[in-house]
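A.B. asks: I would like the atomic coordinates for the input below:
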Amino acid sequence: MPASVEGMPCNVILREVEGGAEVGAIDPVASMQAIENAELHTVAGQVRDLLAEAVAAV
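C.D. replies: Below you'll find the predicted structure:
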């Protein structure tokens with residue numbers, strides 16, 4: 001088990017709008033700006049790309 005586990009906020013927002021629904025996600029890169037951890041910033045970029053793909057596919 002790792003000595004330290006860091007969480008990453010990956011909130012997805014689904015909102016009803018006139019004529020359908022709007023899907024969005026919190027940008028993990030922006031959320032992690034205050035944390036000084038280069039590896040976490042790399043993972044946040046990867047997560048952002050995956051979230052963008054998922055949101056675009058909806």
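A.B. asks: where does pLDDT dip in the chain?
C.D. replies: 1-10 (pLDDT under 70).
A.B. asks: quick one, phi/psi of A34?
C.D. replies: Dihedral pair for A34: phi -80, psi -10, per degrees, to the nearest 10.
A.B. asks: so what's the residue count around it?
C.D. replies: Per other CB atoms under 10 Å, the neighbour tally for A34 reads 6. Every C-beta, even on glycine, is put in place using the N, C-alpha and C of the backbone.
A.B. asks: report the separation between it and L40.
C.D. replies: Distance from A34 to L40, counting by CB to CB, to the nearest Å: 11 Å.
A.B. asks: what of V47?
C.D. replies: For V47, the distance to L40 - CB to CB - is 10 Å.
A.B. asks: now do A54
C.D. replies: Separation of A54 from L40 (CB to CB): 20 Å.
A.B. asks: that older thread, tell me which of V47 and L40 has more neighbours.
C.D. replies: For V47 and L40, the more surrounded residue by other CB under 10 Å is V47, and the numbers stand at 19 against 14.
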